[in-house]
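Asker: Prediction below, plus the sequence it came from.
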Amino acid sequence: MVYQLSEKNQIFVALFAIVVLCAGKLFKDYLYRGGYIEGLTSRLVSSQELVRRGTSDQSGITLILNVTLGTALSNGNSIKVEWPILKGVNMSTTDSDYILTGLPVGVSATRTLNTSTNSSITSYVIFAVSGTVNVGTTLTITMNNITIKGATGADETGNFPGISDFFFTTTSSVESATPVRTPVIVLGSEGVVGTPGPIVEIEKALDIINTRIASETVLATANDLRKIQTALVTVLAYTYGTVKQAGSVFDSQALYDAQKTAIEFIRKEKERAAKNADLLSQDNINKRRMAQINTYYTRNYEANTEVMKNIIFLSIGLIALAVLRKKELIPDSISTLGVIFVLTLGGIVIGQQAYDIIRRNDHDFDKYDWNFNEEEMNKKHITQLSDDPANLSEMGMGMAPCFGPGCCHVGTKWNESEKKCVPSGTASWMSNTLTINVYIMNALEAADKITITLPTGVFTEATSGTRPAFVSIRGNGSGSVVNPFDVTITSGTTISAGSIYTITITGMTGTARNSIIKVKTTKEPSESSIMII
């Protein structure tokens, strides 16, 4: 006897099959669903200062990579570390110089080393594990007997250049799509030999900060380190331009040569910092993108899960009504009204949820797409508020973003083309001599003026009735301790944008440290503040 399903029962059977498939997929997704893991990370540690010292090789260096797993390793999986050749850093060719530690008890690793001499092929070492290594485990890869090659020739300033394009690339066989690039910063020989003690100390501090920036993955910490770096570079530039030239401060040619040295030094530091910042920025962008994508799909999945749950509840309700009607436990009229009620209520709830998902932003699931650009409107509003410092309290003073001239601290001024605060200069009071270094943002020509206002009540004339005298490069005028005074650019000269203009004032007495000088130029009518140190 063959049992024949009626047309109505066939519809219910099909509907039941759909519900079972949806519930099964939902259950499978829950079983295999995992939370967000940052992914493979790598930090570099060196056994000594990495500096190219003249023409001699620097050998016996040990570099350590602390690798944190973003995905667990199982038997046969591996960690691979690659590096380029012909970059001035020679890695060891001996297997035993490469050591992997930090494995769980009972797990070992086999090592495969390839030191290629082909410039188009990177060298590498592979560690394959024999057991399970859990996610989040930090493995230590020690690489011994590394040599930094000596330079074959000095640059135009007599210094041996550093190495800025050597790096390690770390990958996991289970995370091969997300390699981690770790730069190795090898400094040049400038400032290592024959340099005054204070300058050496500042350069050592800069070396430490540069290394920290190259290995830092937290954006906020990297930004703080770059601020410290900028401050040290400013102090070092001042030291090169004034302290190192002590005894010839009134020699215009000596001052000019000192300024050229300082500007060239700052240019090299900016290029080096820019390279480090680019590497950090790209790494940070990649990690933020991964986190945002993971967050988006997690929220989207949760919303779709709610829709699927309601579809299952709706289907169960319809099946229950069908079974009651089939068993003749309820009249056909009640069953029909029940079906209409369930479909109407379920349609409203599921329709609202589906419409809500459709309205969500494609990049940020917590936002809705509207007919206006919310980010552009917020940026414009912040810009209008920050143009007037009086509005800063309305913006929250540190609790909300700050943007514009009103947000620049003492010692900085707003650069409209770069849309950020830049250093305004430095000032120092030593041996009754005030030295002011002014950062020129817009080029000055003949007859242009730099207006300087000294702090009120701080300075007095060394000789009563005699105005202070000042020495400047390509400028003239007369100083004052009570009123603003102008430095007029000499005819036939030009002060280029981005340069540092030095003014030295004598003939005054006073206690000036931590006081504020106001400076403005005819090409920059807004005043900027410089603190005396």
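Answerer: Perfect, I can see it now.
Asker: other SSEs contacting the one helix or strand I319 maps to?
Answerer: I319 belongs to helix 252-326 when assigned by DSSP states H and E. On a contact count with 3 or more C-beta pairs under 8 Å, 6 or more residues apart in numbering; DSSP states H and E, helix 252-326 meets helix 7-32, strand 180-186, helix 197-215, helix 219-238, helix 332-359, strand 500-506. In short, each C-beta sits where N, CA and C put it, glycine included.
Asker: now that helix, how far from the chain's geometric center?
Answerer: Offset of helix 252-326 from its chain centre (C-alpha atoms, centre = their mean, to the nearest Å): 13 Å.
Asker: Likewise for stretch 132-147?
Answerer: 25 Å.
Asker: swap in stretch 204-222?
Answerer: Distance, stretch centre to chain centre, for stretch 204-222: 10 Å (C-alpha atoms, centre = their mean).
Asker: How about residues contacting it?
Answerer: Identification of contacts with stretch 204-222 by C-beta atoms under 8 Å, 6 or more residues apart in numbering yields 41, 43-44, 46, 49-51, 182-185, 187, 225-226, 228-229, 232-233, 236, 269, 272-273, 276-277, 279-280, 283-284, 287.
Asker: Is there a quick ChimeraX command that grabs whichever of those residues are buried?
Answerer: Selection of buried members from the contacts of stretch 204-222 for ChimeraX, criterion 16 or more other C-beta atoms under 10 Å:
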select :41,44,46,50,51,182,183,184,185,187,225,226,229,232,233,236,269,272,273,276,277,279,280,283,287
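Asker: just checking, next helix/strand downstream of the lowest-mean-pLDDT helix or strand in the chain?
Answerer: Of all helical and strand segments in the chain, the minimum by mean pLDDT, DSSP states H and E falls on helix 392-395, at a mean of 46. Of the helices and strands lying after helix 392-395 in sequence (DSSP H and E), the nearest is strand 412-415.
Asker: Give the buried residues for the helix or strand immediately after that next one in the chain.
Answerer: Using DSSP H and E, the helix or strand that directly follows strand 412-415 along the chain is strand 420-423. Buried residues in strand 420-423, counted by 16+ other C-beta under 10 Å: 421, 423.
Asker: repeat for stretch 490-504
Answerer: Residues of stretch 490-504 classed as buried by neighbour count (16+ other C-beta under 10 Å): 495, 499-504.
Asker: Show me the domain layout of this protein.
Answerer: 38-193, 194-369, 374-403, 420-531 (automatic domain parsing).
Asker: With G411 as the reference, name the closest of those domains.
Answerer: domain 420-531 (5.7 Å; C-beta to C-beta).
Asker: what residue ranges in the stretch 401-533 of the chain score low on pLDDT?
Answerer: 401-406, 473-475 (pLDDT under 70).
Asker: in it, which spans are strands?
Answerer: Using DSSP state E, counting those that start in this stretch, the strands found in the stretch 401-533 of the chain span residues 412-415, 420-423, 425-430, 433-439, 449-453, 459-461, 469-472, 475-476, 485-489, 500-506, 508-510, 516-521, 524-531.
Asker: How far off centre is the second one?
Answerer: What it means is strand 420-423. Chain-centre distance of strand 420-423: 17 Å, with C-alpha atoms, centre = their mean.
Asker: measure the spatially closest residue to N304 that is not a sequence neighbour to T261 for me?
Answerer: Setting aside the residues directly before and after it, N304 is nearest to I357 in space (C-beta to C-beta, 6 or more residues apart in numbering), at 7.0 Å. I357 is 62 Å from T261, where distance means C-beta to C-beta, to the nearest Å.
Asker: Please name the residues that touch the spatially closest residue to V89 that is not a sequence neighbour.
Answerer: Nearest residue to V89, sequence neighbours excluded (C-beta to C-beta, 6+ apart): F166, at 4.7 Å. Applying C-beta under 8 Å, 6+ apart to F166 gives the contacts 83-84, 87-89, 183-184, 186.
Asker: do A497 as well
Answerer: 440-443.
Asker: who's in contact with I436?
Answerer: Neighbouring residues of I436 by C-beta under 8 Å, 6+ apart: 425-427, 452, 502-505, 517, 519, 530.
Asker: Can you tell me which of those are buried?
Answerer: By neighbour count, with 16+ other C-beta under 10 Å, those hold 425-427, 452, 502-505, 517, 519, 530 as buried.
Asker: a markdown table for those, including distance to N415?
Answerer: Converted to a markdown table, those look like this (distance: C-beta to C-beta, whole Å):
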| residue | distance to N415 |
| --- | --- |
| G425 | 14 |
| T426 | 17 |
| A427 | 20 |
| I452 | 21 |
| T502 | 21 |
| I503 | 22 |
| T504 | 26 |
| I505 | 27 |
| I517 | 20 |
| V519 | 15 |
| I530 | 16 |
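Asker: what's the closest of the residues you listed to V125?
Answerer: Nearest member of those to V125, counting by C-beta to C-beta, is T426, at 47.6 Å.
Asker: what about the closest one, distance to L343?
Answerer: 76 Å.
Asker: now swap in S417 and tell me
Answerer: 62 Å.
Asker: Those two - which one has more neighbours?
Answerer: L343 (13 against 7; other C-beta atoms under 10 Å).
Asker: can you pull the contacts of the more buried one?
Answerer: The contact partners of L343, taken as C-beta under 8 Å, 6+ apart, are 314, 318.
Asker: Which pLDDT value goes with it?
Answerer: pLDDT, L343: 86.
Asker: Relative to T488, how far out is it?
Answerer: L343 is 87 Å from T488, by C-beta to C-beta.
Asker: Kindly report the same for G70.
Answerer: From G70 to T488 the distance is 63 Å (C-beta to C-beta).
Asker: Below-threshold pLDDT in the stretch 51-200 of the chain: ranges please.
Answerer: Along the stretch 51-200 of the chain, segments meeting pLDDT under 70 span 53-55, 119-120, 151-161, 189-200.
Asker: for it, what spans make up the strands?
Answerer: Along the stretch 51-200 of the chain, counting by DSSP E, counting those that start in this stretch, strands occupy 58-68, 78-83, 89-90, 98-101, 109-114, 123-129, 138-148, 163-172, 180-186.
Asker: so which of the ones you listed comes closest to G317?
Answerer: Across those (criterion: C-beta to C-beta), the nearest stretch is strand 163-172, sitting at 48.4 Å.
Asker: about what we covered before: just the closest of the buried ones among the contacts of I436 to S56, please.
Answerer: Looking across the buried ones among the contacts of I436 and measuring by C-beta to C-beta, the closest to S56 is T426, at 36.8 Å.
Asker: Give the bridge partners for the closest one, please.
Answerer: N437 (DSSP bridges).
Asker: do the same with the one 4 residues further on
Answerer: Legend: beta-bridge partners of M430 under DSSP bridges are T433.
Asker: residues near it, how many?
Answerer: For M430, the count of nearby residues is 13 (other C-beta under 10 Å).
Asker: now do the one 3 residues further on
Answerer: By the criterion of other C-beta under 10 Å, T433 has 16 neighbours.
Asker: Begin at 497, not 1, for the rest of this chat.
Answerer: That works, and once the first residue is 497, the last one we named lands at T929.
Asker: Just to check, it is in contact with I1001?
Answerer: Yes: in this structure, T929 is within contact of I1001 by C-beta atoms under 8 Å, at 7.3 Å.
Asker: follow-up on the earlier one: need the max-distance pair from the contacts of A993.
Answerer: M937 and A939 (8.9 Å).
Asker: Could you check which of the two has the larger neighbour count?
Answerer: The neighbour comparison of M937 against A939 (other C-beta under 10 Å) goes to M937, with 21 against 14.
Asker: my guess is the more buried one contacts V918, does it?
Answerer: Yes: the pair M937 / V918 is scored as a contact, 7.0 Å apart, by C-beta under 8 Å.
Asker: which neighbours do the two share?
Answerer: Contact criterion C-beta under 8 Å, 6+ apart; residues shared by M937 and V918: 909, 911.
Asker: re the thing from before, okay, the strands of the stretch 547-696 of the chain in TSV with distance to F861 next?
Answerer: Output for the strands of the stretch 547-696 of the chain, formatted as TSV (distance: least, C-beta to C-beta, whole Å):
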stretch	distance to F861
strand 554-564	28
strand 574-579	34
strand 585-586	45
strand 594-597	40
strand 605-610	41
strand 619-625	37
strand 634-644	32
strand 659-668	29
strand 676-682	28
